[in-house]
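[1] Take this sequence and fold it.
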Amino acid sequence: DAGRVIVTGSVEQGGVADNQSASTHVRITVADNGCGMDPETQRRIFEPFFSTRAVGQGTGMGMPVVHGIVTGAGGTVTVDSTPDAGTVFTIRLPAHQPEPCVSPTLPRADAAEAAARPDGDSDEHHPAADLPIAPRVLLVDDEPALVDLLATSLTRAGFRVSGYTDALEALTSIKVDADPYDVVLTDITMPGLRGDQLATRIHESDRSLPIIGYTGHSDRVDREGAVEAGMVDLLAKPLDPNEVIEALKRALRRRGGIDG
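    Residues are numbered from 1 along each chain as shown. Okay, the predicted model is just below:
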């Protein structure tokens, strides 16, 4: 028998998450009557490069990309699945709020103030507005797809990003590039030079450069290695773009190791 997929959408009152003020949001559900997922698969479904398919039959990036896009837009995506019964994905996105109507004629003082803003810039807060101008991020991960995904999210947030899939090349760029980096974001588990080893090499010449690590293996080995390497933060996969941005902002303001 052929499977069935049902997509529904609705506009609902209330915030996207419990900690947000009440607002209108859009709710989208995608449900199927397929084989479903066990709890372990559900737990890892948004983890980059995790796949239940055979090697070569999938990249494991489909759901992480969805997760990145949705969370980057201020929304949430959840999964509810039962083996042999099907799966339901629920996406909630903040609804667009119409801009208030503005009079076509401004008072003289307001008009002068508006004219003084380059390109008509508004006072809307930019994610990186309270940071040094265009902070430069060195991004290191051996998976090209994740480098591209993170670089896109961070660039939209106002950062300048240089991505590398080879840790040794990234290390060389620090030494030879005339434009210094403000912060480093690196995967811990990589072939060749690990992220914690990269951090140690970087700090041999520049102890002031803050380094953030991330890992899909929340074991003690990775955490101890990050602490010993002098990393200022350790994030867990799957990465939430908003959490990464906040970690970068914290790292640019602080020095020292990971608490705890």
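
[2] What does the pLDDT read for residue 227?
    The confidence metric pLDDT takes the value 82 at residue 227.

[3] Near it, how many other residues are there?
    Using other Cβ atoms under 10 Å, residue 227 has 16 neighbouring residues. The way it works is simple: take the backbone N, C-alpha and C, and place the C-beta from them, glycine included.

[4] Which helix or which strand is home to it?
    helix 220-228 (DSSP states H and E).

[5] next helix or strand past that helix?
    strand 233-236.

[6] in the next helix or strand after that next one, what's buried?
    Using DSSP H and E, the helix or strand that directly follows strand 233-236 along the chain is helix 241-251. Within helix 241-251, the residues scored as buried using 16 or more other Cβ atoms under 10 Å are 241, 242, 244, 245, 247, 248, 249, 251.

[7] Pull the residues that contact helix 241-251.
    Contact with helix 241-251 is made by 68, 71-72, 74, 127-128, 130-131, 135, 137, 150, 153-154, 157, 159, 183, 185, 210-212, 214, 232-233, 235, as judged by Cβ atoms under 8 Å, 6 or more residues apart in numbering.

[8] ok, now with 7 Å
    Residues outside helix 241-251 that contact it (Cβ atoms under 7 Å, 6 or more residues apart in numbering) are 68, 71-72, 127, 131, 137, 150, 153, 157, 159, 183, 185, 210, 212, 232-233, 235.

[9] That one: how far from the chain's middle?
    Averaging C-alpha positions (Cα atoms, centre = their mean, to the nearest Å) puts helix 241-251 8 Å from its chain's average.

[10] Now do the contacts for residue 29.
    8, 88, 89, 90.

[11] Can you tell me which of those has the most neighbours?
    Counting by other Cβ under 10 Å, top hit in the contacts of residue 29: residue 89 with 18 neighbours.

[12] Hmm, residue 27 and it touching each other?
    No: between residue 89 and residue 27 there is no contact under Cβ atoms under 7 Å: 11.4 Å.

[13] what residues does whatever helix or strand residue 11 lives in touch?
    When elements are assigned from DSSP H and E, residue 11 belongs to strand 5-13. The contact list for strand 5-13 (Cβ under 7 Å, 6+ apart) reads 22, 24, 25, 26, 27, 28, 29, 30, 31, 32, 95.

[14] so which pair among those is furthest apart in space?
    Largest separation among those by Cβ to Cβ: 22 and 32, giving 31.8 Å.

[15] What ranges does the protein have for its strands?
    Remark: strands assigned in the chain by DSSP state E are 5-13, 24-32, 76-82, 86-94, 136-140, 160-164, 183-187, 211-215, 233-236.

[16] which regions of the chain lie under the pLDDT threshold?
    1-2, 15-22, 48-61, 96-132, 217-222, 255-260 (pLDDT under 70).

[17] what about residue 91, distance to residue 78?
    Note on residue 91: its distance to residue 78, by Cβ to Cβ, to the nearest Å, is 8 Å.

[18] out of the two, which sits in the busier spot?
    residue 91 (21 against 12).

[19] Enumerate every residue touching the more buried one.
    By Cβ under 7 Å, 6+ apart, the contact set of residue 91 is 28, 70, 75, 77.
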